[in-house]
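Visitor: I need the structure of the sequence given here:
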Amino acid sequence: MEGLLFISGDEGISLGDLAKVTGYLKPAILEMIAQLKEKYQQDENCALTLLDSDSVYRLATKAQLADVMQHYFEEPLTTPLTQTLLEVLAIVAYKQPLTRLEIDEIRGVQSSGSLQKLTARGLVETQGRLAVPGRPFLYVTTPAFLDYFGLTTLDELPELDKNLQPEDLDGDIFLRALQSRQMRKESLENEDGKTPKSNG
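Guide: Presented below is the predicted three-dimensional model:
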């Protein structure tokens, strides 16, 4: 139960979905939820709390950690994007719109924190919800993303290898495509900046 709450991230997971995935009856799930909530409340060394909103449950950090959490997400926009953030950003750029769980499946790890950081920087935003149980958010890139990489439209993104198989679509492939585009752009800029040689 705790694992499902963790991977559901910011969207949370509904009582119905918990029942469907685990096979437990709803009264049993509610009892386990209550036990988890009590465990988090009683353990002063635990950073987590369990939130309930209209029978949708999600894990969150305790209120007393708010200042630390806010500081974590308020990195200056001048700070370069990390490898992890670039990887998540590249996946969103090429596969948008898509849910956080779809990003997690491609990367093989949880991406909730990275998406929050990219959203805080204005490079990614939510655009509606997927019409499935739980109605997860759909993530897309923003105009600021285009500006960041010197693009006019998404059509200018470098093409991926057309022979790629589904199992090859890991985050590194998306990242390499973006980095390749950036390197070509810098190379062109360097060539434009060279002084033409004299013929005489």
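Visitor: what comes up buried for the helix or strand that contains E31?
Guide: In the assignment (DSSP states H and E), E31 maps to helix 26-42. Of the residues in helix 26-42, those with enough neighbours to count as buried (16 or more other C-beta atoms under 10 Å) are I29, L30, I33, L36, K37, Y40. Where you see a C-beta, it was placed from the backbone N, CA and C, and this is true even at glycine.
Visitor: for stretch 123-130, same thing?
Guide: Across stretch 123-130, burial judged by 16+ other C-beta under 10 Å covers L123, V124, E125, T126, L130.
Visitor: ok now that stretch, how far from the chain's centre?
Guide: Averaging C-alpha positions (C-alpha atoms, centre = their mean, to the nearest Å) puts stretch 123-130 10 Å from its chain's average.
Visitor: what do you get for stretch 42-55?
Guide: 22 Å.
Visitor: next: stretch 21-38.
Guide: Distance, centroid of stretch 21-38 to centroid of chain: 28 Å (C-alpha atoms, centre = their mean).
Visitor: where does this protein dip in pLDDT?
Guide: 73-79, 161-171, 173-175, 177, 181-182, 184-185, 192-200 (pLDDT under 70).
Visitor: dump the buried residues of helix 26-42 into CSV; add distance to S8 as well.
Guide: As requested, those are exported to CSV (distance: C-beta to C-beta, whole Å):
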residue, distance to S8
I29, 14
L30, 17
I33, 13
L36, 13
K37, 16
Y40, 16
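Visitor: contacts for the helix holding E31 next, please.
Guide: 1-2, 5, 15-16, 18-19, 22, 24, 46, 48-50, 52, 57, 62 (C-beta atoms under 8 Å, 6 or more residues apart in numbering).
Visitor: for ChimeraX, what selects the buried ones among those residues?
Guide: Buried residues within the contacts of helix 26-42, by 16+ other C-beta under 10 Å, are selected in ChimeraX with:
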select :1,5,15,18,19,48,49,50,57
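Visitor: just the strands in the protein please.
Guide: 13-14, 48-53, 56-61, 124-129, 137-141 (DSSP state E).
Visitor: centroid residue for this protein?
Guide: L115 (3.1 Å; C-alpha atoms, centre = their mean).
Visitor: that one against R100, yeah?
Guide: Yes - using C-beta atoms under 8 Å, L115 makes contact with R100 at a distance of 5.9 Å.
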